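**Q** what follows is a predicted structure for the sequence shown.
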Amino acid sequence: MGNFGWSINFLILIGIIVLVMLIILFIAALFIGSSKSKDVLKYFDGDFLDKAAAYNKIILIISVAEKLLTWIFMAGIIYIFWRNFYVSNRIPIILSAALFVLFGMILFLILLPLQYYREFVIDHRFALSTQTLSAWFADAVKDGIIYIIISTLGLTSIYALMVYFPEHWWIAAVVIFILFIIAANFIFPVIIDPLFYKFSTLEDEELEKEIMKITQKAGVSIGSILVADASKKTNGVNAYFTGIGKTKRIVIYDNLLNKYSKKEVLSVIAHEVGHWRYRHIFKNITMGAAGIIILFFILYVLKSGLQLQASVRLVITLFIVFSLITYIAIPVQNFISRYFEKQADKIAVELTGDSQTQIDMLEKLARSNLAYVKPGNLLKFLIYTHPPIMERINYIYHNFD
């Protein structure tokens with residue numbers, strides 16, 4: 001009984017922490033305003049700052065609503081399952097998979113209106129999206145199907161492991177999930193990404209040579225340089241490294257190539273090369289693996305404390321706990337991510353030898369993506385994966401100019 005009480009108290013505690021985080025984010029969103037300090041106005045005009053603040057306020061409020069709605073739905077499912085004798089006992093694996101598919105489908109449909117409002121309505125209102133409604137809906141359905149497939153496989157695997165390996169299920173689950181993370185880095189670039197973008201090889205031979213010079217200078221090898229037809233979806237610009245081993249590649253948004261000079265494109269590429277130079281993908285995989293070990297150990301102890309046998313309701317309960325703990329850990333993950341981004345900014349300037357272009361490109365990226373360039377420290381701590389734009393600009397300006 002004592003163990004059971006500890007488990008319930010633990011669930012209540014993490015629920016309270018998450019609720020407090022959501023309340024703080026909601027309040028922070030209400031107070032988002034355009035920072036028009038002297039250092040900011042040196043790079044950005046007041047109209048842009050007002051527009052970016054308005055956009056980020058809406059997006060953050062919707063994000064909080066999505067999270068809250070997700071967990072309310074999950075809690076409701078647990079309540080229904082807890083009162084249903086049928087799903088409180090061991091059932092055939094195939095039937096459990098069907099219940100998990102139904103769970104994923106209902107969650108997708110519940111969140112779809114908010115997703116539509118955030119990704120289509122708001123992004124069109126602020127001239128960020130170029131997608132037609134049919135194209136957006138097709139992407140949303142594909143994204144939903146992928147989520148349902150992956151979540152169903154994961155939840156069904158955990159249920160099966162609990163049934164067949166009741167004492168050591170969490171160890172087997174750790175192995176499976178770590179292998180999935182590694183495999184995803186191989187598979188997603190060649191199977192999943194093409195479902196959302198069409199890729200072509202870079203035709204600009206001069207730019208390709210300059211990119212190769214940067215990668216060679218950094219001591220980084222790449223598999224291919226591809227261009228994504230992102231302009232069909234967004235006015236935002238980006239470039240990124242993806243994949244490992246033979247699937248390693250640089251992906252450049254076509255609107256980055258079309259709207260910016262070669263020097264500016266190279267500054268973005270150099271930043272991405274910096275991530276490979278510092279082995280950030282490998283480090284993220286390693287930290288992800290460590291996080292999975294810790295999380296599944298917590299779930300194992302929690303399962304023992306709840307004194308429950310393998311069942312669909314138990315798996316859904318542990319899934320919610322997994323989701324809540326992962327959310328609580330986001331500020332720590334973001335702290336590490338911001339450090340990695342700072343390293344990438346540093347090496348980008350070193351590789352190009354052009355700090356001014358790097359600053360100019362950060363300014364233009366902020367404009368194209370409607371970035372909130374100078375948030376408060378609390379907001380930065382909770383949700384920012386990158387240092388805010390003004391922090392990045394000031395870092396380069398004071399350390400390389």
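**A** It's in.
**Q** the worst-scoring helix or strand of the chain on mean pLDDT pairs with which strands, parallel or anti?
**A** Using mean pLDDT, DSSP states H and E, strand 239-242 stands out as the lowest-scoring helix or strand of the chain, at a mean of 84. Neighbouring strands of strand 239-242 in its sheet, by DSSP bridges, are strand 249-253 (antiparallel).
**Q** residue ranges with poor pLDDT in this structure?
**A** Across the chain, the ranges flagged by pLDDT under 70 are 1-4, 82, 84-88, 401.
**Q** just the strands in it please.
**A** Secondary structure of the chain (DSSP state E): strands at 199-201, 224-228, 239-242, 249-253.
**Q** can I get those strands in TSV including distance to residue 189 and mean neighbour count?
**A** Bear in mind the C-beta positions are built from the backbone N, C-alpha and C, glycine included. Shown next, in TSV, are those (distance: least, C-beta to C-beta, whole Å; neighbours: other C-beta atoms under 10 Å):
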stretch	distance to residue 189	mean neighbour count
strand 199-201	9	12
strand 224-228	9	19
strand 239-242	5	19
strand 249-253	6	22
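**Q** closest to residue 321 out of those?
**A** strand 239-242 (30.5 Å; C-beta to C-beta).
**Q** run through who's touching that closest one.
**A** 185, 188-189, 193, 222, 248-253, 256, 265, 268-269, 272-273, 275-276, 281 (C-beta atoms under 8 Å, 6 or more residues apart in numbering).
**Q** hmm, try it at 7 Å
**A** 189, 249-253, 256, 268-269, 272, 275-276 (C-beta atoms under 7 Å, 6 or more residues apart in numbering).
**Q** can you add distance to residue 144 and give those residues back as CSV?
**A** What follows is the contacts of strand 239-242, written out as CSV (distance: C-beta to C-beta, whole Å):
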residue, distance to residue 144
189, 21
249, 26
250, 29
251, 23
252, 28
253, 24
256, 28
268, 31
269, 32
272, 29
275, 29
276, 31
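**Q** which one of those residues is nearest residue 356?
**A** Nearest member of the contacts of strand 239-242 to residue 356, counting by C-beta to C-beta, is residue 268, at 14.6 Å.
**Q** what residues are up against the closest one?
**A** 239, 256, 361.
**Q** swap the cut-off to 8 Å and go again
**A** 237-239, 256, 361, 365.
**Q** go on, residue 202?
**A** Neighbours of residue 202 in contact, by C-beta under 8 Å, 6+ apart: 208, 211, 225-227, 252.
**Q** kindly recompute the last result at 6 Å.
**A** Contact analysis of residue 202 by C-beta atoms under 6 Å, 6 or more residues apart in numbering lists 208, 225, 227.
**Q** same deal with residue 26?
**A** With C-beta under 6 Å, 6+ apart, residue 26 has these contacts: residue 64.
**Q** go with 7 Å
**A** For residue 26, counting by C-beta under 7 Å, 6+ apart, the contacting residues are 61, 64.
**Q** next one: residue 340
**A** Contacts of residue 340 (C-beta under 7 Å, 6+ apart): 275, 278, 280.
**Q** max-length helix in this protein?
**A** Ranked by number of residues, the top helix in the chain under DSSP state H is helix 46-82.
**Q** in it, what counts as buried?
**A** 48-49, 51-65, 67, 70-71, 73-74, 77-78, 81 (16 or more other C-beta atoms under 10 Å).
**Q** returning to what we had before: tabulate the contacts of residue 268 (JSON lines), appending distance to residue 30.
**A** Converted to JSON lines, the contacts of residue 268 look like this (distance: C-beta to C-beta, whole Å):
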{"residue": "237", "distance to residue 30": "30"}
{"residue": "238", "distance to residue 30": "29"}
{"residue": "239", "distance to residue 30": "34"}
{"residue": "256", "distance to residue 30": "34"}
{"residue": "361", "distance to residue 30": "32"}
{"residue": "365", "distance to residue 30": "26"}
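**Q** between those residues, which is closest to residue 199?
**A** Nearest to residue 199 among the contacts of residue 268, with distances taken as C-beta to C-beta, is residue 239, at 12.9 Å.
**Q** same list (the strands of the chain) but as TSV, adding distance to residue 33.
**A** Below are those laid out as TSV (distance: least, C-beta to C-beta, whole Å):
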stretch	distance to residue 33
strand 199-201	40
strand 224-228	34
strand 239-242	31
strand 249-253	30
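**Q** can you list which of the contacts of residue 340 are found in helices?
**A** Using DSSP H, the contacts of residue 340 in helices are 275, 280.
**Q** neighbour count and distance to residue 42 added to the contacts of residue 340, as a markdown table?
**A** Formatted as a markdown table, these follow (neighbours: other C-beta atoms under 10 Å; distance: C-beta to C-beta, whole Å):
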| residue | neighbour count | distance to residue 42 |
| --- | --- | --- |
| 275 | 21 | 28 |
| 278 | 17 | 30 |
| 280 | 20 | 30 |
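**Q** can you give me the neighbour number for residue 273?
**A** 27 (other C-beta atoms under 10 Å).
**Q** how close does the residue lying closest to it once chain neighbours are set aside get to residue 278?
**A** In space, and not counting its chain neighbours, residue 273 is closest to residue 218: 4.9 Å by C-beta to C-beta, 6 or more residues apart in numbering. Using C-beta to C-beta, to the nearest Å, residue 218 is found at 10 Å from residue 278.
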